[in-house]
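# What follows is a predicted protein model with its sequence.
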Amino acid sequence: DTAVSQTPKYLVTQMGNDKSIKCEQNLGHDTMYWYKQDSKKFLKIMFSYNNKELIINETVPNRFSPKSPDKAHLNLHINSLELGDSAVYFCASSQNRGTSGANVLTFGAGSRLTVL
Amino acid sequence: KNQVEQSPQSLIILEGKNCTLQCNYTVSPFSNLRWYKQDTGRGPVSLTIMTFSENTKSNGRYTATLDADTKQSSLHITASQLSDSASYICVVRGTSGGSYIPTFGRGTSLIVHP
């Protein structure tokens, strides 16, 4: 059973289009994340939801809109795609226990977005 | 500002050799440090976690060390195998405020040649 699954794995689209990437976790975790990995392999956090509530919103263009219908799902919708949006997007989840921080991130396999 | 710096940026070694990857951080107050391994085309997977009181922890051929005073960690790989070729990412969490958000290093790309 896949712990964190995201779809699609590959997405090729034209500039200006709107697209969505879906993520689901079956681990019972209360927190989900979206990360963007650029061509230099640096993982940068975009959003985090805890129990469907947005808790982290880094400096991301408002063309990116996360949606969490329940705590097992966190989808990412991108409007008016630009060339610079081309990257691999990773969904992750964790169980946040107090402030210990000893909560491992479980990542999905990634969704490679290519904007032409 | 919370930062995590890793070195070297990339490393090429021969199969069977040992290597050590470095991670320096400024995250404060410190909670824990994790090393992740990211294979090509996959998401990162946790290798080991180090908390404030731990100096050394092993996971098979991987040994992580932590010096909380100097804010440095290392990941030592013994008797490298071709399957060790991957990116190794150091991730540090604090205990409060913005430091609670995990801070990622840029990773070290390791290539193991036969």
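Arrived safely, thanks for sending.

# residue contacts, B:S87?
If you count contacts by Cβ atoms under 8 Å, 6 or more residues apart in numbering or on different chains, B:S87 has them with A:41, B:37-38, B:44, B:107-110. (Glycine included, C-beta is placed from N, CA and C.)

# so which helix or strand takes in it?
Following DSSP states H and E, one finds B:S87 within strand B:86-94.

# Each with direction, which strands does the following helix or strand past that strand pair with?
Heading C-terminal from strand B:86-94, the first helix or strand you meet, by DSSP H and E, is strand B:103-104. Looking at strand B:103-104 with DSSP bridges, its partner strands are strand B:86-94 (antiparallel).

# How many neighbouring residues does residue 42 have?
Just so you know, I chose chain A. By the measure other Cβ atoms under 10 Å in any protein chain shown, the count of residues near A:F42 is 15.

# my bad, the chain I had in mind was chain B
14.

# tell me the secondary structure for it?
The three-state assignment at B:R42 reads coil, by DSSP: H, G, I helix; E, B strand; the rest coil.

# Excluding covalently adjacent residues, which one is nearest to it?
Leaving out its chain neighbours, the residue that sits closest to B:R42 by Cβ to Cβ, 6 or more residues apart in numbering or on different chains is A:A109, at 5.7 Å.

# show me what contacts that neighbour?
Residues in contact with A:A109, defined by Cβ under 8 Å, 6+ apart, are A:5-6, A:9, B:41-43.

# Among those, find the one with the greatest number of neighbours, please.
For the contacts of A:A109, neighbours were counted by other Cβ under 10 Å; the highest total belongs to A:Q6, with 25 neighbours.

# before we move on, back to that, same list, the contacts of B:S87, but as JSON lines with secondary structure please.
Rendered in JSON lines, the data for these read as follows (three-state DSSP):
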{"residue": "A:K41", "secondary structure": "coil"}
{"residue": "B:K37", "secondary structure": "strand"}
{"residue": "B:Q38", "secondary structure": "strand"}
{"residue": "B:P44", "secondary structure": "coil"}
{"residue": "B:G107", "secondary structure": "coil"}
{"residue": "B:T108", "secondary structure": "strand"}
{"residue": "B:S109", "secondary structure": "strand"}
{"residue": "B:L110", "secondary structure": "strand"}
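
# Can you select the buried ones from those in ChimeraX?
Only the buried members of the contacts of B:S87 end up in this ChimeraX selection, burial being decided by 16 or more other Cβ atoms under 10 Å in any protein chain shown:
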select /B:37,38,44,107,108,109,110
